[in-house]
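Visitor: give me a model of this one.
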Amino acid sequence: MSEGRLDFRLGAILATSFTGTLSERQGDWIERIPTPDRLLAWLSISGLDVETCTDDELDLARELREAIHLAATAAALGDPLPASALTTINDRSRAGHAAPVLLGSGEREWVLGPPATVADALSVIAADAISILSGERGGRLALCASPTCRAAFFDTSRSRSRRWCDMNTCGNREKKARFKARHRPSSGAGTAASGADTAAGPR
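Guide: Residues are numbered from 1 along each chain as shown. Have a look, this model is predicted:
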């Protein structure tokens, strides 16, 4: 596990962005909410301001994160949704107090509490996951094509053909890897050239 790069990967979809707080799941995985303060920071950036968080609440948040990841992965693969994941998501959805309000700009905003608690914020994330997993929103769940990532993401592109959870991270990294592989000299060519030089001898 690495905790060196704690920048958040934020997307337009709240629930799948939350699962991204544990990244590189198939490689040297990175925990991006290692402490209660980091969870508070992520919630604030995501428009869910909460003042305090305990270690137990951090554990609940991570439990919800993994439940969403399991359910979204199953949905992306066309498998049945795991019962344990559904229980966790539904429990967190019911546990908080939050309501959507409509702003003058026409945008929706969530109001937590009062007072605003981690449970309230988690209920919003769980509700967002439910709206995706139930098929209410236009799009499809897919898995990142990066072999070290495999994060679930919600594809709302017109063609529904996205391959990467984030083009700026996984997409660019895989493109660079393919470019290097195409332009790497083959070992056979290097051996042949070395043999020719040896046969020619010193000049």
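
Visitor: only C-alpha atoms from now on, for both contacts and neighbour counts.
Guide: OK.

Visitor: run a quick neighbour tally on the nearest residue to residue 150 once chain neighbours are set aside.
Guide: Once its chain neighbours are removed from consideration, residue 150 has its nearest residue in residue 144; the separation is 4.5 Å (C-alpha to C-alpha, 6 or more residues apart in numbering). By other C-alpha atoms under 10 Å, 19 other residues sit near residue 144.

Visitor: do the one 4 residues further on as well
Guide: Counted with other C-alpha under 10 Å, residues neighbouring residue 148 total 15.

Visitor: please give me every residue in contact with the closest residue to residue 67 other than its chain neighbours.
Guide: Leaving out its chain neighbours, the residue that sits closest to residue 67 by C-alpha to C-alpha, 6+ apart is residue 85, at 4.3 Å. With contact set as C-alpha atoms under 8 Å, 6 or more residues apart in numbering, residue 85 has these partners: 66-68, 70-71.

Visitor: which residue ranges of this protein form helices?
Guide: When assigned using DSSP state H, the helices of the chain occupy the ranges 14-19, 36-45, 55-77, 83-95, 118-133, 172-182, 187-200.

Visitor: adding mean pLDDT and distance to residue 105 as columns, could you present the ones you listed in TSV?
Guide: What follows is the helices of the chain, written out as TSV (pLDDT from 0 to 100; distance: least, C-alpha to C-alpha, whole Å):
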stretch	mean pLDDT	distance to residue 105
helix 14-19	94	20
helix 36-45	96	20
helix 55-77	98	30
helix 83-95	98	27
helix 118-133	98	21
helix 172-182	63	35
helix 187-200	50	61
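
Visitor: do you know which of these lies nearest residue 156?
Guide: Closest approach to residue 156 among these is made by helix 118-133 (11.0 Å; C-alpha to C-alpha).

Visitor: next, the angle helix 83-95 makes with that closest one.
Guide: Counting by axes from the mean of the first three to the mean of the last three C-alpha atoms, to 10 degrees, helix 118-133 points 130 degrees away from the direction of helix 83-95.

Visitor: shift numbering so it begins at 12
Guide: Yes, from this point I'll number from 12; that puts the last item at helix 129-144.

Visitor: and helix 129-144, what's buried?
Guide: 129-141, 143-144 (16 or more other C-alpha atoms under 10 Å).

Visitor: closest to residue 88 out of those?
Guide: residue 144 (12.5 Å).

Visitor: the closest one against residue 86, yeah?
Guide: Yes. With contact defined as C-alpha atoms under 8 Å, residue 144 and residue 86 form a contacting pair (7.2 Å).

Visitor: before we move on, the earlier item: considering the contacts of residue 96, which possesses the most neighbours?
Guide: The most neighbours, when these are compared by other C-alpha under 10 Å, belong to residue 79, which has 26 neighbours.
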